[in-house]
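> need a structure here:
(one chain, ligands or ions: 2)
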Amino acid sequence: MSGAPLFDRLALIGIGLIGSSLAQAARQRGLVKEIAISTRSPETLQRAEELGLGDVYELDAATAVEGADLVILCVPVGANEAVAKWIKPALKPGAILTDAGSTKGSVVDQVGPHVPDGVHFVPGHPIAGTEQSGPDAGFPTLFDERWCILTPPEGTDPAAVEKLTKFWEGCGSTVDIMDAKHHDLVLAIVSHLPHLIAYNIVGTADDLEAVTKSEVIKYSASGFRDFTRLAASDPIMWRDVCLNNKDAILEMLARFSEDLSALQRAIRWGDGEQLFDLFTRTRGIRRSIIEAGQETDAPDFGRHGKPGSANLAE
Ligand SMILES: NC(=O)C1=CN([C@@H]2O[C@H](COP(=O)(O)OP(=O)(O)OC[C@H]3O[C@@H](n4cnc5c(N)ncnc54)[C@H](O)[C@@H]3O)[C@@H](O)[C@H]2O)C=CC1
Ligand SMILES: O=C(O)C(=O)Cc1ccc(O)cc1
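Ligands and ions are numbered 1, 2, ... in the order given. Have a look, this model is predicted:
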């Protein structure tokens, strides 16, 4: 990125995959003048320093946010409220407070009440990630050609939303704005349910008595291996996602179970036509994703194409 930095001081609270990637993207693209990093464990903070991710390293999150004009919470969503209470007295008037959490309604409910007057609260969610966690997992291009969803509560200063949008665009993303409740419903089906299905199928395979663990590893076809990648995602992060998007996830799980029962019935009664029809319809969805430039061959969440850069490799 060319031009003046957007922010003087960025404070990142939590320095795992997302915090580390943001630090690297913001630094490489000149989006901020200074980066302050805070995280709970001294070992992780030391690792962040060894990796040279920031300029200032603080165990005390409140000290890290002092003087920051952009504060991004990059902790598991279940930790957001405690962090918000902690940093509240130290937030600078006029600062933008945002987060990267995978759920949004819970962040609005749990962080919102602790945001002091004069601080702009704009929750966010980069739709970009991997199954890795920790500061070593971060990389500066993580957000390139990905969506970032912002869910500003009603009455949020449009100038703050615009400035945060510019920041994410500087990180390589395209920003969409939506209501937190809608975000949680959409993400429940496209992200949260797939992870739960992956955790479940890998757990089931692991529990099978008639099939040994070595056979699961030896004969795993690529379909099963794709599930094991998702099922290797961070347990704390995904526990928190499930507990903080409970209603939408339960709604999607209920629909999923009904549809699975219908498939079960079709198999039991030899209804090949129903199976064929469903498999044909779903194949069409995959083709639409490819045609829209949302190439998904990469072993992580699909990038969206920018106009003119659609990847039609398949
Ligand atoms: N991993 C992914 O693919 C994606 C994750 N997210 C969201 O981003 C956030 C961060 O995720 P990751 O970076 O993947 O997690 P991570 O596990 O790699 O890093 C989390 C960081 O938060 C710190 N932390 C945990 N509890 C804390 C507390 N109470 N106070 C201070 N620091 C604390 C940890 O020490 C670590 O530095 C989560 O809310 C997650 O839902 C969003 C998009 C993708
Ligand atoms: O690794 C994958 O395939 C992901 O799905 C990454 C991911 C995980 C959580 C999010 O909220 C967004 C993206």
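
> Confirm Pro89 sits in a helix?
Yes - under DSSP: H, G, I helix; E, B strand; the rest coil, Pro89 sits within a helix.

> which residue packs closest to it, ignoring adjacent ones?
Distance criterion C-beta to C-beta, 6 or more residues apart in numbering; nearest residue to Pro89, sequence neighbours excluded, is Ala62 at 6.7 Å. C-beta here means a position set from N, CA and C on the backbone, and glycine is covered the same way.

> The one you found reaches Lys92, doesn't it?
No - assessed by C-beta atoms under 8 Å, Ala62 is found out of contact with Lys92, at 11.6 Å.

> residue in the stretch 51-200 of the chain nearest to ligand 1?
Nearest residue of the stretch 51-200 of the chain to ligand 1, counting by C-beta to the nearest ligand atom: Gly129, 1.8 Å away.

> Do you know the pLDDT at that residue?
Gly129 carries a pLDDT value of 97.

> helix/strand/coil for it?
Gly129 is classified as coil under three-state DSSP.

> Which residue of Ala62 and Lys92 possesses the greater neighbour count?
Neighbours per residue (other C-beta atoms under 10 Å) separate Ala62 from Lys92, with Lys92 holding more: 19 against 16.

> Determine the three-state secondary structure at that one.
Per three-state DSSP, Lys92 ends up coil.

> Chain neighbours aside, what residue packs nearest to it?
Spatial nearest neighbour of Lys92, excluding adjacent residues (C-beta to C-beta, 6+ apart): Gly67 at 5.9 Å.

> How about the residues of the stretch 101-250 of the chain by ligand 1?
Counting by C-beta under 6 Å from any ligand atom, the stretch 101-250 of the chain comes close to ligand 1 at Gly101, Ser102, His125, Pro126, Gly129, Thr130, Ser133, Gly134, Asp234, Met237, Val241.

> residue boundaries of the helices in the stretch 1-150 of the chain?
Remark: helices assigned in the stretch 1-150 of the chain by DSSP state H, counting those that start in this stretch are 17-28, 42-50, 61-65, 80-87, 105-111.

> Of these, which stretch is the most buried?
helix 17-28 (a mean of 24; mean count of other C-beta atoms under 10 Å).

> same question for it, mean pLDDT?
Rounded mean pLDDT across helix 17-28 is 98.

> Does it reach ligand 1?
Yes - Helix 17-28 comes into contact with ligand 1 (C-beta under 6 Å from any ligand atom), by way of Leu17, Ile18, Gly19.

> near ligand 2, anything from that helix?
No - if you take C-beta under 6 Å from any ligand atom as the test, helix 17-28 misses ligand 2, and the best it gets is 8.9 Å.

> How many neighbouring residues does the residue of the stretch 51-200 of the chain closest to ligand 1 have?
If we define neighbours as other C-beta under 10 Å, then Gly129 has 22 of them.

> Run a quick check on the residue nearest to Lys92 versus Lys33, I expect a contact.
No - applying C-beta under 8 Å, one finds Gly67 not in contact with Lys33, separated by 11.1 Å.

> Tell me the confidence at Thr63?
98.

> Oh, that last question was meant for Glu295, not what I typed.
So, for Glu295, pLDDT stands at 54.

> Kindly report the same for Phe301.
pLDDT, read off for Phe301, is 47.

> hmm, which of the residues of the stretch 101-250 of the chain next to ligand 1 are the buried ones?
Gly101, Ser102, His125, Pro126, Gly129, Thr130, Ser133, Asp234, Met237, Val241 (16 or more other C-beta atoms under 10 Å).

> among these, which are in reach of ligand 2?
Contacts with ligand 2 within those, counted by C-beta under 6 Å from any ligand atom: Ser102, Gly129, Thr130.

> what residue ranges in the protein score low on pLDDT?
1-2, 294-314 (pLDDT under 70).

> what does it put close to ligand 2?
Ser102, Ile127, Ala128, Gly129, Thr130, Glu131, Ser191, Leu230, Asp300, Phe301.

> Find the nearest non-adjacent residue to the third one, please.
If you skip the residues right next to it in sequence, Ala128 has Arg146 as its closest partner in space, 3.8 Å away by C-beta to C-beta, 6+ apart.

> Look up phi and psi at the one you found.
Arg146 adopts backbone torsions of phi -120, psi 160, taken as degrees, to the nearest 10.

> Count the residues that sit near it.
Based on other C-beta under 10 Å, the number of other residues close to Arg146 is 21.
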